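A.B. asks: The following block contains a protein sequence and its predicted model.
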Amino acid sequence: MAGLNRATRPVAVGALLTAAFLAVVLSGCSSQRARVHIPEDGLIPGGSIPPIDTSAPAHTETATFALGCFWCPDSLFGSMDGVVRTRVGYAGGTLENPTYRNLGDHTETIQIDYDPTQVSYGQLLEVYWGSHNPTRQLWSRQYMSIVFYHNSEQLTLATQRMQREEERLGRPIHTEIVPFSRFYLAEDYHQKYHLQQIPELMEELTAVYPDFADFRDSTAVARINGYVRGHTTLEELQERLNSSWPASG
Ligand code: MHO
């Protein structure tokens, strides 16, 4: 009597597929990755910190967004010109020191430091609303859609952009727009998650950035994490890593 009989097996397989589909749809993320080509001599030939990092601007502004599972936005925003660094973590709740296994009322969140002379908050909002479904009504706060604004300009831009999006969709949007208060960094294994799934690249990059905080905060690493999800081609990636940051005005 062990196992499933003929009648129940298709139902069980169907349930498994549905569960897998829902996990992807609800979290807005999946662990599948693009075909990643790694050149013979690696992505950072010579193994020294590339120009995109050594010339990174000191002055940045910060955007904080929640839009479902934070792995995918980490790759997406990390591939954008003008984004200096990305970090994933937890925000919006009241529990002190949340963790992935004990999230309390927090939401998976991405924090983006950007150079406002190279990319605008408005452009980040375009990508934000263009890359998730904010009309879903959620029963848990883990994957909420939230804009955490850092100043009144961000509040105004986010509110106007959300109204436009609502008109465009013709349906209510459930995104919350709330003041930023505190961001708790997620565990190291969640940072640049998709890249961390590729041992050959991790071996190369941990030699260049032996301190995990430098790896996590590197612009080059953010771009490589975008590349492994297919957001840029290898040629575009190599050109970006080797370009100095445009002098800010
Ligand atoms: N395990 C889920 C979500 C991960 S995310 C950090 C998935 O693979 O989609 O919540």
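C.D. replies: Good, I have the coordinates.
A.B. asks: The residue nearest the centre of the chain and the ligand, how far apart?
C.D. replies: The centre of the chain sits closest to Asp74, judged by Cα atoms, centre = their mean, with a distance of 1.8 Å. From Asp74 across to the ligand, the span is 10 Å (Cβ to the nearest ligand atom, to the nearest Å). (Each C-beta comes from the backbone N, C-alpha and C, glycine too.)
A.B. asks: Now do the strands in the protein.
C.D. replies: Secondary structure of the chain (DSSP state E): strands at 61-67, 83-91, 107-114, 145-149, 176-179, 183-185.
A.B. asks: Can you convert these into a markdown table and add a column each for mean neighbour count and distance to the ligand?
C.D. replies: Shown next, in a markdown table, are the strands of the chain (neighbours: other Cβ atoms under 10 Å; distance: least, Cβ to the nearest ligand atom, whole Å):
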| stretch | mean neighbour count | distance to the ligand |
| --- | --- | --- |
| strand 61-67 | 23 | 11 |
| strand 83-91 | 23 | 8 |
| strand 107-114 | 24 | 6 |
| strand 145-149 | 23 | 14 |
| strand 176-179 | 14 | 18 |
| strand 183-185 | 16 | 14 |
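A.B. asks: and Met162, which of those is closest to it?
C.D. replies: strand 176-179 (6.7 Å; Cβ to Cβ).
A.B. asks: Next, the distance between the ends of stretch 132-144.
C.D. replies: Distance across stretch 132-144, first residue to last, is 11 Å (Cα to Cα, to the nearest Å).
A.B. asks: should've said stretch 171-181
C.D. replies: Termini of stretch 171-181 sit 29 Å apart (Cα to Cα).
A.B. asks: ok, now stretch 131-147?
C.D. replies: Across stretch 131-147, first to last residue, Cα to Cα, it's 14 Å.
A.B. asks: which residues touch it?
C.D. replies: For stretch 131-147, contacts defined as Cβ atoms under 8 Å, 6 or more residues apart in numbering pick out 26-28, 64-69, 72-73, 76, 91-93, 103, 105-109, 125, 128, 154, 158, 162, 165, 169, 171-178.
A.B. asks: Apply 6 Å and report the result again.
C.D. replies: Residues outside stretch 131-147 that contact it (Cβ atoms under 6 Å, 6 or more residues apart in numbering): 27-28, 65-68, 76, 92, 103, 105, 107, 158, 171, 173-177.
A.B. asks: for stretch 191-199, same thing?
C.D. replies: With Cβ under 6 Å, 6+ apart as the test, stretch 191-199 has contacts from Arg33, Trp71, Ser75, Arg216, Val221, Ile224, Asn225, Val228, Arg229.
A.B. asks: Not including adjacent chain positions, what is the nearest residue to the fourth one?
C.D. replies: Going back to what we said before, that points to Arg216. Nearest residue to Arg216, sequence neighbours excluded (Cβ to Cβ, 6 or more residues apart in numbering): Gln191, at 4.5 Å.
A.B. asks: And the one you found, how far from Arg182?
C.D. replies: 18 Å (Cβ to Cβ, to the nearest Å).
A.B. asks: Low-confidence regions, this structure specifically.
C.D. replies: 1-34, 248-249 (pLDDT under 70).
A.B. asks: how about the helices in it?
C.D. replies: 8-27, 51-54, 71-78, 121-130, 152-169, 193-196, 199-208, 212-217, 219-228, 234-242 (DSSP state H).
A.B. asks: Turn those into CSV, including distance to Pro45.
C.D. replies: Listed next are the helices of the chain as CSV, based on distance: least, Cβ to Cβ, whole Å:
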stretch, distance to Pro45
helix 8-27, 36
helix 51-54, 13
helix 71-78, 21
helix 121-130, 30
helix 152-169, 39
helix 193-196, 18
helix 199-208, 10
helix 212-217, 18
helix 219-228, 13
helix 234-242, 9
